[in-house]
Each structure stands twice: as C-alpha cells, then as structure tokens.
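Asker: Prediction below, plus the sequence it came from.
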Amino acid sequence: MKEEFIISAYSENHIGLLNRITIIFTRRKVNIESLTVSESALRGISKFTIVVREERSRVENIVKQIEKQVDVLKAYFHTNEEMIFQEIALYKVPTQALMESDQIERMVRKHNARILEITKDYTVIEKTGHKEETQELFEGLNKFGVLQFIRSGRVAITRSANERLSEFLAERDALLASIEMKSN
Amino acid sequence: MTAPSKEFMEMKQKAMQITGAEAVIRSLLEEGVETIFGYPGGAIMPVYDALYDFDKQVRHILTRHEQGAVHAAQGYARVTGDVGVCFATSGPGATNLITGIADAMIDSTPLVCITGQVASPLLGTDAFQESDVVGISMPVTKWNYQITTPEEIPTAIAQAFYIARSGRPGPVVLDLTKDAQFGKVDFTYKRCEKIRSYVPEYPLDKESLKSASDLINSAKKPFLLFGQGVVLSGAERELQEFIEKAGIPAAGTLLGLSALDSEHELNTGMLGMHGNYGPNIKTNECDVLIAVGMRFDDRVTGDVKRYARQAKVIHLEIDPSEINKIIKADIAVLGDAKKSLRMLTRLVKRQEHTDWVNEFHQAADIEDEKVIQKDLFPVKPGLTMGEVVRMSSELTNNQSVVVADVGQNQMAAARYSKFSKTRSHISSGGLGTMGFGLPAAIGAKIGAPDREVVAFVGDGGLQMTIQELGTIAQENLPVKLVVLNNHFLGMVRQWQQLFFERRYSFTEMVNPDFVKIAEGFGIPGKQVTTREELKVAMKEMIDNPGPFLLDVLVEKEDNIFPMVPTGASVSDILLSAEE
C-alpha cells in the first residue's frame, strides 16, 4: 500500500549531490512530490527533505541507496505523523478584488495568512501550513481570480528530540574510529 | 650571514612546485600504481606529458579504444585485487569509458578512471570535445569528482583510491580540467584513511551472528551460496573452514565461482539461469539458506516469488543497501565476509549432513547423464563449447585464469572450467558486456604474468573489441584466445529457438577469417574444425610462449543447458529443450 513518507537526508554540501540523490528516484520511476534542500543547523551540511507516496518497503530500499552515496552522512524516513512539517504558499490576487469587498481580508484572517505586498494592480498573500490548508486558501481566493500561485517544497523536523546532528556526528566519529582500530 | 631575501624564498618555493599533471602521476605512485591503461588525447595531454618522465616506475598500456582500456583495467583489478587505473581524454574518450565503468559498478570492481576535461573557463560552453562526464557517470560510479584546480589533485586522488578499494569496491571517476593539469602546486601527499560521510564497513553485530549460528546449528538441510564478496574480502579459506565444520553444501554465483575449489566435496557447482541442476532445485528444498557476499541477482533467483520460500534466509553482506533488497533476510549480518565467517565458524557446531549432501550428488548424477556427458562426449561430429573448455581446463591443470566474454561462451566457460585457485574466473556478470573478454584478458595477464590466461570469446563479442589484438601484439602479451565460433550470436539464437519459434532474427554472422586477422597483427593462430585437431592445436596454443588465437568452429546450433527460463522458478530448471 502506498502512503506518504518524508525522507530526510544529511549530506556534505558538495556540487552534484542533488543530482546523485534525485537519480535514485528517477531510476526507480518514483515520483518526488516535493523536494527542499537547505543548509542544516551545522555549517557545510545540507539537509534534503523529500516527500514521496510509495510502499514502505520501496522507501526503505531508496533510503538505503541514498545513504550509500559517499557524500551522504545519514538518511531517514518518517511518516507524516512522526514529523512536524510545513509548506509556504504565495498567492497573487488583483488588488481591485481586495478593495471591492472585505471577503478576501476575512479569508486572510481566517486562514492565518498575511499580506506581503500591495500595489495598484496586485496583492501578494502568504500562508504557511500543510498542503491541504494552503490549497483550501487557494480555492477560496480563486473565486476572485488568483493571478499567480506558488507552493514550496515541504520542510520538516522530527517530533523526537534525538535527531541532533552534532550528536550524530560524534557517534559517526566514534564509529569510524572503532573501524580503524579493528583494521589496525 | 644575512637572511635570504623574500624574492629568493619565493623563487625557491616556485622551484619546488610541480604541475598538476605531474602531481597526478606522483599521487598515483604514492598509491602504489604500477600499471595504467589508457588512450591519450587533447584534454589529458599534460598528464601524458608528465607520464613520459616516469616510464621506469609506471607501465602504460596503450589500448586501441578507451573501452579496451577500462575493460583491461577491470581484468587487472579482478585478478590482482588492486585498483585498476585508466586514463582517457575528454568528450568521446571519456564517454567510451562509460560501458566499462557501468560494468565495474555492478560487479563491484575497484577502478580509478582519470578523464581529461576542457579548461575550466570553457566548462558548459559546448567546447571542443567537452562532455559532462561527471553528470554522465553519476549513476554508474561509486563516487565521482571534477578537479578544477591543481591544489585539489592530491586529496582527490587519495580519496578516490580509498573509496574505490574500501568497503564494497567500485569505480571512481576523476574529471580533470586542462588548466588544473597545467597549474602549479606544492606537492605533498597523504593517503586517505577516512571520510566523515562514508562508512566502508560496519562493525560486526555479535547478536545477529549468534542468532545465525543458532539457526545453522538447528538446520537439517542448510545450503550456502557464495558470491564475489568472498573473493573481495579474501575470505576463501574462511568459507572453506566454515562449510567443512558445519557440513554445509555450497554453490557459487557466476562471479563467486573460483572462491572455492571446484573439486571440493561440498562444492555443488554454480547457481542460476545456466547453473547446475542440484544447486537450483535444492534452493527450494533447503531449510536454511546462507548467502555470503552475493546480491540475489535475478539471474540467480529466477522468479523471486517462488524462491526459497520454505527456507530461513541468513544474509552475510557488507553493503547495507543489499540487505532485503531482493530477498528478505530472516537474519542479516552486516559486515565483511572474512570477519563474519571467521566468527560464525567459531559459533557453529561441527556437523555432517550426509543424506542432504548426497541429494546434491544424486542431482549431479542426473545432470551428468542428461547434459554433461552429451556436452563433453558428443555423438555428433560438431564440436561442443563444453568439450573445448574442459580440454583447456585439463591441459592447464585447472590452474589458468579463465576470462570469458558474454553469451553461450561465457556459460560454457563457467560450467566446464574447473578452478583450483581463487581469482581465476573473470567475466562480466551484472552488465553482461559483450566485448569484455579480450581486453579483460589483457589486464588479467598483466596483473598475473606468471599464470596462464585463457580467454573464451564468441565470434560476436570478439568483433566488438577485436582491435585490442593490436594491444596484445604491441605488448607481446602471452594471452591465449579461444574463439568459440558458431557463426551466430549464440545465446540470442538459443532464446530465439526456445522462446521465439526459431525466428532467427539477425543473429547469424558472416565472420572474417580470425586467424588471418590475428596474423595481420603478428599473432599466430590456428583454426580447428574437428575433434581430432582440437587437442593438438590447443597444446600448441598453450606451449606457445607468446599470444595465440585458436578459432574453434563449434556446432552451429548448440544450446546451453540446464536453463531456468526467465520468469520461471529455479526448481523449474530445464535439462534439455525437449522438457
């Protein structure tokens, strides 16, 4: 059974790694629902957040393949319930529609969205939330004619306290040291 | 005495600097490289220029095509266990390496391929002979990296060798821009010992080994499958000690074959599509299946839904991504095969499974009667591939390095060679690359100059890399080349016969006179058409101190059996076309 999973991968910040990671999905014909890459809490370490709808066993194998990449430090996968996640959406609506009634303003308040910029021609509204939430606001605003719309990839952090990268790196150093000792 | 002037110090400093190109050669020397296979061209010329001064320390083999260079490097790596090194220029030079790199990736062969690249200001401009080698090779390399400054060279090469040879080995590509080769660098070299983001092997988990040994101790019908992981970790002796103590019959994958003496009483043969009858049917009868350093390739498993369902599976494997990839393991032991097997041997009870082992012998007798006797002692006048291979094996006392191309010749070589030493069987397993055999034999001979190297190639595969006869001639390499010539793309023809109603669509070949071609390269050769001529000609080939080509005209429409048809279960293995 396919379900939604969030894959998090930590890697060295090297050129080409995004490609190395995405071809793992391409090769298996697995669609990436969303992808976000940014620097993590530690300088020089990038974090990939990848959302897929797939069977658990396939995701397990994909995560192992990601982790197999030499420049990847660690990769995990989680269900939505195990993570706190958000997306950001931007909506551009005609300013005239905003002026003609208070419906757009009510909608912005109701959805905890905010207005970023107002010009004579257009108004830009921003909302963060789950996809369903940003989509719901889109449906509402679109009654007045959304001129442009964009939704970001997902960003996510775990609910557990232990995904602390510095701790992981200390563990990794100890692991590598133990292997060295064994081989010497 | 006055202190030297700043200008003097700067001049002295500059004098100690070397070019990036020379840094490449010096770095390779630091890694113990003695042989490089390659082909020069514009974008790698500074490196070749630097190589000119090191001809005493490094042997460079000029192949006739970059594909020949990479397959030769693979043959060298497989026979020695060292990293194979090759050079190619940018653009077509680099793309010509890709087949061999993909082959090395799937067969876990350690390679470092250094490709020239256009100067960094030209990157991405579609410059002459520019291709995105890093992008192209990404899916088929363990690691790749583009070097654009001379300062990066020593570190990148050190990392490349460390990654290529450690853990599960694999190919690495370093793409080196021309300006990085020309630039100057203060050369110091330090071997790479670890990379933060890379764990070559995990420490052994004693608990899983204990669980594995408990299961093995309680097994009535245990069966062990050994793959190339045993060879790569040098665990041949540990494998033998383990199966002898626990009394477990074993069978090898194509790439694992020579890890265990063919004549060992517990060696039951080869697994897979054209493997032996016993190992295939017994896979679906054993109660515990122990897989060591193998990855359950589809050519081994047949239909996975009907593969060893009755058995508890123990998987000893160094690469975490292979565990549960194809076959779910009841117990997975992550780690190096040598260490795992050594520990496991200590934990298992000394046992014999006489009745169970005898069942393999009975299966072998059936196969012998229905297949092997017909192949080795045919009643038809036409020569079989099997009898040619077996004769070569006997005449070399089962001591030769057997290199095989791909197709029927490969399966005949694997089935009818006997191996008494490890690293004696070199073939393209995962990718199945026709054209692999001849250049791989070049690398194998250079890697093992004291061993007889006999390469079995088909008439199709030979013509894919036949130009490498030029390399053999130039280096006067005593490679023995046996062409199993049936004027067909034999394996495709076999499938057409069995599964496409004998519609032999474009598989028949009109061949040149291979002996004359060899003679054109200055290589002696002989054609054999009858059984009477075979032994004399083969002896002549082996006794000849230099290279030799034996063109053996074999039965045109012979088939390789047993066979597990695609999609069938391993227990549905066919012993003949009539079944």
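Answerer: Ah, there it is.
Asker: residues near whichever residue of chain A sits closest to chain B, how many?
Answerer: In chain A, the residue that lies nearest chain B is residue A:64 (3.8 Å; CB to the nearest CB). Where C-beta positions appear, they are placed from N, C-alpha and C, glycine not excepted. Residues near residue A:64, counting by other CB atoms under 10 Å in any protein chain shown, number 18.
Asker: my read is it is in a helix, agree?
Answerer: Yes - according to DSSP: H, G, I helix; E, B strand; the rest coil, residue A:64 belongs to a helix.
Asker: For the residue most central in space within chain A, give me its contacts.
Answerer: Centroid check for chain A by CA atoms, centre = their mean gives residue A:154 as the closest residue, at 2.3 Å. Under the criterion of CB atoms under 8 Å, 6 or more residues apart in numbering or on different chains, the neighbours of residue A:154 are A:6, A:34, A:36, A:49, A:51, A:85, A:86, A:87, A:131.
Asker: Let me know the pLDDT of it.
Answerer: As predicted, residue A:154 sits at a pLDDT of 96.
Asker: Nearest residue to the residue of chain A closest to chain B in space, please, no chain neighbours.
Answerer: Among residues not flanking residue A:64 along the chain, residue B:321 sits closest, at 3.8 Å (CB to CB, 6 or more residues apart in numbering or on different chains).
Asker: List the pairing partners of the strand or helix carrying residue B:551 within its sheet, with orientation.
Answerer: Following DSSP states H and E, one finds residue B:551 within strand B:548-553. The pairing partners recorded for strand B:548-553 under DSSP bridges are strand B:479-485 (parallel), strand B:525-528 (parallel).
Asker: what's in contact with the first one?
Answerer: To tie it back to what came earlier, the one meant is strand B:479-485. B:385, B:388, B:392, B:408-409, B:412, B:438, B:441-442, B:445, B:452-459, B:462, B:472, B:490, B:511, B:514, B:518, B:538, B:541-542, B:544, B:547-554.
Asker: how about low-confidence regions in the chain?
Answerer: Since no chain was named, I'll use chain A. A:162-164, A:180-184 (pLDDT under 70).
Asker: nope, chain B
Answerer: In chain B, residues with pLDDT under 70: B:1-4, B:8-16.
Asker: which parts of it sit against chain A?
Answerer: B:134-135, B:138-139, B:142-144, B:146, B:163, B:193-203, B:319-321, B:323-325 (CB under 8 Å from any CB of the partner chain).
Asker: Buried by neighbour count: which residues of the host helix or strand of residue B:344 qualify?
Answerer: In the assignment (DSSP H and E), residue B:344 maps to helix B:337-347. Using 16 or more other CB atoms under 10 Å in any protein chain shown as the test for burial, helix B:337-347 gives B:337, B:338, B:339, B:340, B:341, B:342, B:343, B:344, B:345, B:347.
Asker: contacting residues around the very next helix or strand once past that helix?
Answerer: With elements assigned by DSSP H and E, the helix or strand that comes after helix B:337-347 is helix B:354-367. For helix B:354-367, the surrounding residues in contact (CB under 8 Å, 6+ apart) are B:220-222, B:247, B:249, B:265-266, B:268-269, B:276-279, B:281-282, B:285, B:562, B:575.
Asker: Quick check on whichever residue of the stretch 1-150 of chain B sits closest to chain A: phi, psi?
Answerer: Relative to chain A, the nearest point of the stretch 1-150 of chain B is residue B:143 (4.4 Å; CB to the nearest CB). Per-residue torsions, residue B:143: phi -160, psi 150 (degrees, to the nearest 10).
Asker: hang on, isn't it packed against residue B:172?
Answerer: Yes - when contacts are counted by CB atoms under 8 Å, residue B:143 is listed as touching residue B:172 (4.9 Å).
Asker: Compare these two and say which is more crowded by neighbours.
Answerer: Set residue B:143 next to residue B:172 and count neighbours by other CB under 10 Å: residue B:172 wins out with 29 against 23.
Asker: now stretch B:137-156, how far from the centre of its chain.
Answerer: Mean-position distance between stretch B:137-156 and its chain equals 23 Å (CA atoms, centre = their mean, to the nearest Å).
Asker: Then stretch A:84-101?
Answerer: 21 Å.
Asker: then that stretch to PDB, C-alphas only?
Answerer: C-alpha atoms of stretch A:84-101 as PDB (Å, rounded to 0.1, in the frame of the first residue of the first chain):
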ATOM      1  CA  ILE A  84       6.200  18.500  12.200                       C
ATOM      2  CA  PHE A  85       6.100  19.900   8.700                       C
ATOM      3  CA  GLN A  86       5.100  23.000   6.800                       C
ATOM      4  CA  GLU A  87       5.000  24.400   3.400                       C
ATOM      5  CA  ILE A  88       4.700  28.000   2.300                       C
ATOM      6  CA  ALA A  89       2.400  29.300  -0.400                       C
ATOM      7  CA  LEU A  90       2.200  32.700  -2.100                       C
ATOM      8  CA  TYR A  91      -0.900  34.000  -3.900                       C
ATOM      9  CA  LYS A  92      -1.200  37.000  -6.100                       C
ATOM     10  CA  VAL A  93      -4.700  38.400  -6.400                       C
ATOM     11  CA  PRO A  94      -6.000  41.600  -8.100                       C
ATOM     12  CA  THR A  95      -6.000  44.500  -5.600                       C
ATOM     13  CA  GLN A  96      -9.300  45.600  -7.100                       C
ATOM     14  CA  ALA A  97     -10.900  42.400  -5.700                       C
ATOM     15  CA  LEU A  98      -9.500  43.200  -2.300                       C
ATOM     16  CA  MET A  99     -10.900  46.700  -2.400                       C
ATOM     17  CA  GLU A 100     -14.400  45.800  -3.700                       C
ATOM     18  CA  SER A 101     -15.400  43.700  -0.600                       C
END
